[in-house]
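Enquirer: below are the sequence and a predicted model for it; my questions follow.
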Amino acid sequence: MSIRKTMLALGAAILLLGGCQTNPETGRTQLRLLPSAQVSAMGTEAKPGLINEYGGEVKSAELRNYIDEIGRKLTPHVAEEFAEIEWDFVVLDSEVINAFALPGGNVFISRGLLQRFTNEAQVAAVLGHEIGHVTGQHVDERISQAVGLEGLLVGIGILAGGADSELVRAAPTVIGGLGTGFLLKFGRDQELEADSLGMRYMVAAGYDPKGMVQVLEILRDAAGGSSPPEILSTHPDPGRRINDAKRQIENQYAHTRNNPEYHLRQSRFEQRARPHLGSPSAVALFAPGFLECHGCCSSRH
Ligand SMILES: [Zn+2]
């Protein structure tokens, strides 16, 4: 092998192997091939379209401020590596029950979901879960898994004498073909991790982690067999997530049980959110477009 080809092979190996990184929030090693700025930019780009699709933001400034306040009690507790993220909490003026996050720190919750809640800890649980998808770098991980194979092929191309920047150039094409639905579809372990991170943030902010169990139960009951929303995606099953959350309350969050320092904040939710929510539709509406498997996650079922 010529020196040039040896150098290129080395470069390709660094590109591929160098993508394995430790997430500072979870300590878990993940495959992440793209620069974080590029992944965040994809989230920023998708944001206006998603807001439109859900009928825009709610008009009530009081409701928007209240949800934003809850989100900002959670974000100081993310790992310092994520301190620079500019978080934005968007309340969608939609009867559809949903919540989701985009890379870059945009977190969305629908009015239809808030209508079914009875306290502030439940809101904190959902926002915490979605923040957890961002700090868990779940979109980066999913894209890298999808791009990984393509990258390997490009790497082989590099070995055969191609340009060494082709992996980076190929990535956006691959991602473009995956669509926004892909960005919002997570795997089973990622959902459980987002639940755990959500509970970590809500407890750090003084909320009773029972709120997470309540959210999962509310969504399970509302779904009643139809497609559940992102927060309660089909994998893993709701029962598994509820049991996981309960187990964590019994173990690492045992100190929060019957402890007056950890709050559900029921009356504050009733005062500040309820008057702006309207009444829930008789039939629970879920967002089918974002919940269907686009063929890219079939191996995860
Ligand atoms: Zn989720």
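Expert: Looks like it arrived, so ask away.

Enquirer: domain assignment for this structure?
Expert: Domain assignment for the chain by automatic domain parsing gives 11-34+139-176, 36-133+183-277.

Enquirer: which residues in the stretch 51-200 of the chain form helices?
Expert: 61-74, 111-114, 120-135, 138-159, 166-183, 188-204 (DSSP state H, counting those that start in this stretch).

Enquirer: run the chain-centre distance for stretch 199-219.
Expert: Once both centres are worked out by C-alpha atoms, centre = their mean, to the nearest Å, stretch 199-219 turns out to sit 16 Å from its chain's centre.

Enquirer: now the end-to-end length of that stretch.
Expert: 17 Å (C-alpha to C-alpha, to the nearest Å).

Enquirer: what about it, near the ion?
Expert: No: Stretch 199-219 does not reach the ion (C-beta under 5 Å from the ion); its nearest approach is 10.9 Å. Any C-beta I mention is one placed from the backbone N, CA and C, and that applies to glycine too.

Enquirer: contact residues of the stretch 51-200 of the chain facing the ion?
Expert: Residues of the stretch 51-200 of the chain lying near the ion (C-beta under 5 Å from the ion): 191, 194.

Enquirer: quick one on the thing from earlier: pick the most buried one from the domains of the chain.
Expert: domain 36-133+183-277 (a mean of 19; mean count of other C-beta atoms under 10 Å).

Enquirer: let me see the mean pLDDT of it.
Expert: On average, the pLDDT along domain 36-133+183-277 is 91.

Enquirer: ends of that domain, how far apart?
Expert: End-to-end for domain 36-133+183-277, by C-alpha to C-alpha: 36 Å.

Enquirer: same question, stretch 70-88
Expert: End residues of stretch 70-88 are separated by 12 Å (C-alpha to C-alpha).

Enquirer: and stretch 254-264, by the same measure?
Expert: 16 Å.

Enquirer: in JSON lines, list the domains of the chain along with distance to Leu285.
Expert: Shown next, in JSON lines, are the domains of the chain (distance: least, C-beta to C-beta, whole Å):
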{"stretch": "domain 11-34+139-176", "distance to Leu285": "25"}
{"stretch": "domain 36-133+183-277", "distance to Leu285": "5"}
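
Enquirer: can you say which of the ones you listed is nearest to Ala284?
Expert: domain 36-133+183-277 (4.3 Å; C-beta to C-beta).

Enquirer: what number of residues lie near Gln137?
Expert: 24 (other C-beta atoms under 10 Å).

Enquirer: show me what contacts Leu127?
Expert: 67, 70-71, 74, 89, 99, 107, 109, 198 (C-beta atoms under 8 Å, 6 or more residues apart in numbering).

Enquirer: just the residues you listed now: which is nearest the ion?
Expert: Ala99 (7.9 Å; C-beta to the ion).

Enquirer: I'd like the distance between that closest one and Val123.
Expert: 10 Å (C-beta to C-beta, to the nearest Å).
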